[in-house]
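Participant: Predicted model and sequence follow; I will ask about them next.
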Amino acid sequence: MTAVVATPPRPSVLRRIARLAPYILLTPGLLWLLYFFIWPLAQMTLMSVSSGTLDTGFHVTGTLKSFSDALTKFGTQWGNSLLYGGTSTVLDFLIGFPVAYTIAFKGGRYKNLLLFMVIAPFFTSFLIRTISWQILLGDEGPILAFLKHTLGIVPVDFSILYSPVAVISGLTYNFLPFMILPMYVALEKIDFRLLEAAGDLYGSSWQTFRRVTFPLALPGVFAGSILTFIPAMGDYVNAELLGSPKTRMIGNVIQGRFLQSTDYPSASALSLLLMLGILIAVGIYARALGTEELTG
Amino acid sequence: MTTATTTYAGTRTRTPVGRRLGRGIGRRLLPGFTALAIGYLLIPIVVMILFSFNDYQGKFNFIWNGFTLKAWEAPLAWPGLPDALKLSLTIAALSTLFATLLGTMIGLALTRYQFRGRGLINGLIFLPMASPEIVLGASLLTLFINISLGAGITPPGLGFLPKTALSLGFTTILIAHIMFNISYVVVTVKARLSGFDRRLEEAAMDLGANEWTTFWKVTFPLIFPGILAAALLAFSLSIDDFVITNFVSGTSLTFPMWVYSVIRNALPAQINVIGSAIFLVAVGGVALATLIQGRAPRFSR
Amino acid sequence: MTIRQSETPEPGSWDVADISRRRFLQGSVLVGFSAFLAACAGSTTPTSSEPPASIFIPTAPPVSLAPSVPPTPLPAPTGPLKFANWPAYIDLVGSAGDNGVYAKGSSPTIEQFKKKYNVDVDYVEAIEDNKTFYAKIQAQLQAGTPTGWDLIVITDWLAAKVISKGWAEPIIPEDVPNAVANLVDSLKNRPWDATNAYHYPWQSGMTGIGYNKKSLAAAGIAIPTSLAQLWAIKADKVSFLTESRDTFGLGLLKLGKQADPATTTTDDLQAVHDDIKPLVDAGLIFADNSYLNNFASKKTWAAMVWSGDLASSGGADDIFQVPDEGVMIWTDNMVIPKGAANKYTAELMINFVYDPVVAAQIEDYVYYVCPVKGADVEIKKIDAAAATNPLIFPTPDIQAKYHNFQFLSDELETSLDELYLDLTGG
């Protein structure tokens, strides 16, 4: 465990401190993560194998009932999470890739401005953005009111809010910038001489795209998809604000069990399974795409 | 996310290949599609700003009813709003400060020193970002509740705190925000440091500067834009967080939580005003950061 | 100190020795008295929301013989008073009729209280429904740490539960003379806290149907006067309540069953669940006060609502309807949670809102059933129409339709929780 200081040695009183430097630098932050990230997860693991209620107190009994419940009782909600998370990730990719491509290769002097507009949603509260969507998509909002009353092509009792479509749109909207940015970074890095060579070799721009550009963009696609899929899969706010009981996702169940019915053991089990599931999915995905490079 | 505030001074688009690629589907379709997509991203923001000027009737700012500056003239005129905003700003400022400090230290250690266990540490940094927010919030709630009930196993040292020290409220929100911000700071700072030219430091030391002077005169100015970007990111993540805060806030209301509670029986235009103001400040901040970054000494990759 | 005592507006200066003796006597009397009242509660409560005396009602612990914190005589109010209440449940100044004296969205009552006692109040609309709020404070109460709130407003069943567990601070009668004098008779002698040692009612209310008449007319739907008609409206334009006792209570009435904790069975609840499930599949949502938002955005055309909300916070076309099958009746109660930092200020607040003038002012906004004697006289002075409003003063016809589904056996409660969770998707 000795630190090898990369700096070329130079006689100095500070050298001893310098040897310890990495540990001094690391300790406070890592302790914080240990105490308030790892420890809570450990507590949660203990909670997931406990039984009891808040009234009687929770006792670690080693029971796996919470896990079996979590896997068997919430099929619909797991399904919704996968379906909505997956669909919005795919939609984000389909929308995001052309955008990232266009900005990277055709942005010209507007590149920074375009990028800025892509990340602009980050600068507003997502709750307020969702309220804006509620205004826009409202049953008597500008879009539907126009279709219903001005054009009369949509029945008056038609609505978008509180449907699966609304939830998927909300998720797609919220995570689109997370998809675009990493893909943009990957595309932007591509050496143009490679593309020129490929252009000479294949002749067609489609071939160039398929054989050179896209493969080189894969790390970005990977990073973008996991940055979209992970939060979308675990989200509950979109389903809460834009959905109905039918569109509950697993995040809603966890939230409800923790914050309403105080069934901490089963909520803990669900949380751990969600996290585990996501990590496994990311692992498989990483292997499939043949890249281990993550965002950092 | 981490690239959000980094500039890309790209000027390489007008190459033969770029032009050739542009000829196909790209010429009309791609720019049009991009414009549509960006419009889609911006619509809610436009609605937010527009409706901050709405002269709405009753308590619900849903339907456009004419232009007014009323809400902008009294941006805090709704009970609970000033307190919530104050709490959010305080938490955001403090968590940004601590997370930037702790995260930058980790970032420095990871890029400048060789030591064992790097993989483990990298994993520890990555994991909070890969965890759904709801899991972070829920696990912290489990910890805090266990501590207050005297159940579970209290982390070493925390047992000495009085029972109420970690009862849900300001402290627990701050703890949570520092926690989820650290990783983002580390990643952002690392990205800046990875392109750092160590020869600059060596040169400084050859000229007789010690490590301390070198750090403050050479290293810090070079990585400062990265730290600033990290701080901005941390601040915006903190001020907007709802999911994790919702779990650990107890009786305290941050701005997002206040919005969430007030929209049950009112939709005051003040929400839009504050939202628009935060947006404008953030835009200004990024513009400033970009400017500073542009002026900072360049380093080679 | 002595000068201060005589200066404060509150009546009754006393010395410590006197009060502790008085309280001692009072306490021992109360124990017997409350047991007596609990035994004959069924017969002493004619009109109100009182359920039939049944074994499910938790009872209050005896008032502590030696008060845990002997209050110094007439302490100065401390603040800020942390007051948790439900949305749209106090006189909030809206944009209409905004005279500039009070800020939009603020409450004249709260502002007057702050001024009178020179103390700050954090009035927060923090309660969405009883269960969610209880989940937020239960762990602290259990651990014996402060909840952060000084005054909370919770419905009968939860108030009874909190009080029976010893998680409420006793309310000293001498601190709340208005409340002692002005609580309406029908809400006295409630079996779970017969002497009001731990609670005073905030408002009573009904749960029935709310609808927007314009939206319904535009869609060619008749106004729903019965629950059966509410069930028949296109489900994704309807919301039921997250307060499961209300939703299942009305569900029982809709099926022609009695909503009565003494006779209802788990099979009955299951039948209600099965009756509502198809609506959920067709897009029904469950709302708390957020139905106000949905009415405003025209998302919801008709819903299960609490009686006063649409009148206070809805639009001109939003109307409350007493269903043919009956309404649910309940009372929300002010309780001071154990460990409250500003207990005395909380008592001052209880006393303040039991002043008939203040009560009338609140009533004229919230349109709920007022628990304060004399408010009916006062409200005539500020709003003659309100004095005959059946929302505030329900007619005997309406009272005949009252059903109380508050105090459930453990078996019913467990079943209700499970069935409700299943309907709402976990």
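Facilitator: Now that the structure is in, tell me what you want to look at.
Participant: give me every residue that touches the residue of the stretch 101-250 of chain B found nearest chain A.
Facilitator: Relative to chain A, the nearest point of the stretch 101-250 of chain B is B:P132 (2.4 Å; C-beta to the nearest C-beta). Bear in mind the C-beta positions are built from the backbone N, C-alpha and C, glycine included. Residues near B:P132 by C-beta atoms under 8 Å, 6 or more residues apart in numbering or on different chains: A:I230, A:P231, A:M233, A:G234, A:D235, A:G251, A:L274, A:M275, A:I278.
Participant: any chance of those in JSON lines, plus distance to chain C and secondary structure?
Facilitator: Shown next, in JSON lines, are those (distance: C-beta to the nearest C-beta, whole Å; DSSP: H, G, I helix; E, B strand; the rest coil):
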{"residue": "A:I230", "distance to chain C": "21", "secondary structure": "helix"}
{"residue": "A:P231", "distance to chain C": "20", "secondary structure": "helix"}
{"residue": "A:M233", "distance to chain C": "16", "secondary structure": "helix"}
{"residue": "A:G234", "distance to chain C": "15", "secondary structure": "helix"}
{"residue": "A:D235", "distance to chain C": "15", "secondary structure": "coil"}
{"residue": "A:G251", "distance to chain C": "10", "secondary structure": "helix"}
{"residue": "A:L274", "distance to chain C": "13", "secondary structure": "helix"}
{"residue": "A:M275", "distance to chain C": "18", "secondary structure": "helix"}
{"residue": "A:I278", "distance to chain C": "19", "secondary structure": "helix"}
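Participant: Return the entry from these with the maximum number of neighbours.
Facilitator: A:G251 (31 neighbours; other C-beta atoms under 10 Å in any protein chain shown).
Participant: So that residue sits against A:S81, correct?
Facilitator: Yes: between A:G251 and A:S81 there is a contact at 7.1 Å, judged by C-beta atoms under 8 Å.
Participant: Overlap in contacts, these two.
Facilitator: What both A:G251 and A:S81 touch, as defined by C-beta under 8 Å, 6+ apart, is the set A:G234, A:L274.
Participant: Select, from the contacts of B:P132, the two members most distant in space.
Facilitator: The largest separation in these, counting by C-beta to C-beta, is between A:D235 and A:M275 at 14.0 Å.
Participant: And residue 136, which helix or strand is it part of?
Facilitator: Just going to use chain A. Using DSSP states H and E, A:L136 maps to helix A:126-137.
Participant: meant chain C actually
Facilitator: Short version, using DSSP H and E: C:K136 is in helix C:130-143.
Participant: pLDDT averaged over that helix, what's the number?
Facilitator: If you average the pLDDT over helix C:130-143, you get 90.
Participant: now swap in stretch C:311-327 and tell me
Facilitator: Here stretch C:311-327 scores 92 as its mean pLDDT.
Participant: Show me what from the stretch 1-150 of chain A comes close to chain C.
Facilitator: Contact residues (C-beta under 8 Å from any C-beta of the partner chain) of the stretch 1-150 of chain A with chain C: A:L54, A:D55, A:K73, A:F74, A:T76, A:Q77, A:Q134, A:I135, A:G138, A:D139, A:E140, A:G141.
Participant: quick one on the thing from earlier: what's the helix holding A:L136 in contact with?
Facilitator: In contact with helix A:126-137 (C-beta under 8 Å, 6+ apart) are residues A:121, A:141-144, A:160-161, A:166, A:169-170, A:173-174, A:237-238, A:241-242, B:43-45, B:47-48, B:51, B:62, B:240, B:242, B:256, B:259-260, B:263, B:267, B:271-272, B:275, C:297.
Participant: One more: stretch C:77-85?
Facilitator: Contacting residues not belonging to stretch C:77-85 are listed as B:251, C:110, C:117-127, C:133, C:148-153, C:202, C:341-342, C:344-346, C:348-349 [C-beta under 8 Å, 6+ apart].
Participant: Next step: the residues you listed restricted to strands.
Facilitator: C:V121, C:D122, C:Y123, C:V124, C:L151, C:I152, C:V153, C:W202 (DSSP state E).
Participant: would you turn those residues into JSON lines with distance to A:V60 and pLDDT?
Facilitator: Listed next are the ones in strands among the contacts of stretch C:77-85 as JSON lines, based on distance: C-beta to C-beta, whole Å; pLDDT from 0 to 100:
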{"residue": "C:V121", "distance to A:V60": "43", "pLDDT": "93"}
{"residue": "C:D122", "distance to A:V60": "38", "pLDDT": "91"}
{"residue": "C:Y123", "distance to A:V60": "41", "pLDDT": "91"}
{"residue": "C:V124", "distance to A:V60": "36", "pLDDT": "90"}
{"residue": "C:L151", "distance to A:V60": "37", "pLDDT": "97"}
{"residue": "C:I152", "distance to A:V60": "32", "pLDDT": "97"}
{"residue": "C:V153", "distance to A:V60": "37", "pLDDT": "98"}
{"residue": "C:W202", "distance to A:V60": "41", "pLDDT": "97"}
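Participant: which two in those are spaced the farthest apart?
Facilitator: For those, the maximum inter-member distance is 17.0 Å, found between C:D122 and C:W202 (C-beta to C-beta).
Participant: So for the two, which sits in the more crowded spot?
Facilitator: Neighbour count, other C-beta under 10 Å: between C:D122 and C:W202, C:W202 has more, with 28 against 21.
Participant: ok, that one touching C:W330?
Facilitator: No: with contact defined as C-beta under 8 Å, C:W202 does not count as touching C:W330 (11.1 Å).
Participant: tally of neighbours for the residue in chain A that chain C sits nearest to?
Facilitator: Closest approach between chain A and chain C, counting by C-beta to the nearest C-beta: A:R248, at 3.1 Å. Using other C-beta under 10 Å, A:R248 is surrounded by 24 other residues.
Participant: What are the neighbouring residues in contact with it?
Facilitator: Contacts of A:R248 (C-beta under 8 Å, 6+ apart): A:T76, A:Q77, A:N80, A:A239, C:T424, C:G425, C:G426.
Participant: Buried ones among the residues you listed?
Facilitator: Listed as buried from those are A:T76, A:Q77, A:N80, A:A239, C:T424, C:G425, C:G426; burial here means 16 or more other C-beta atoms under 10 Å in any protein chain shown.
Participant: mind listing what the fifth one touches?
Facilitator: Think C:T424. By C-beta under 8 Å, 6+ apart, the residues touching C:T424 are A:P245, A:R248, A:G256, C:T242, C:V280, C:F286.
Participant: From these, which land in strands?
Facilitator: Per DSSP E, the contacts of C:T424 map to strands at C:F286.
Participant: Tabulate the contacts of C:T424 (JSON lines), appending pLDDT and distance to C:G249.
Facilitator: Below are the contacts of C:T424 laid out as JSON lines (pLDDT from 0 to 100; distance: C-beta to C-beta, whole Å):
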{"residue": "A:P245", "pLDDT": "92", "distance to C:G249": "19"}
{"residue": "A:R248", "pLDDT": "93", "distance to C:G249": "24"}
{"residue": "A:G256", "pLDDT": "90", "distance to C:G249": "21"}
{"residue": "C:T242", "pLDDT": "94", "distance to C:G249": "13"}
{"residue": "C:V280", "pLDDT": "94", "distance to C:G249": "18"}
{"residue": "C:F286", "pLDDT": "95", "distance to C:G249": "14"}
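Participant: mind checking how far C:L412 is from chain B?
Facilitator: 28 Å (C-beta to the nearest C-beta, to the nearest Å).
Participant: Contacts for the helix or strand containing that residue next, please.
Facilitator: Per DSSP H and E: C:L412 is located in helix C:410-423. By C-beta under 8 Å, 6+ apart, the residues outside helix C:410-423 that reach it are A:245, A:256, A:261, C:56, C:244-245, C:247-248, C:261, C:264, C:266, C:269-270, C:272-273, C:276-277, C:280, C:286, C:408.
Participant: Could you pick out the buried ones from those residues?
Facilitator: For these, a burial check counting by 16+ other C-beta under 10 Å picks out A:245, A:256, A:261, C:56, C:244-245, C:247-248, C:261, C:264, C:269, C:272-273, C:276, C:280, C:286, C:408.
Participant: Thanks again, I'm all set now.
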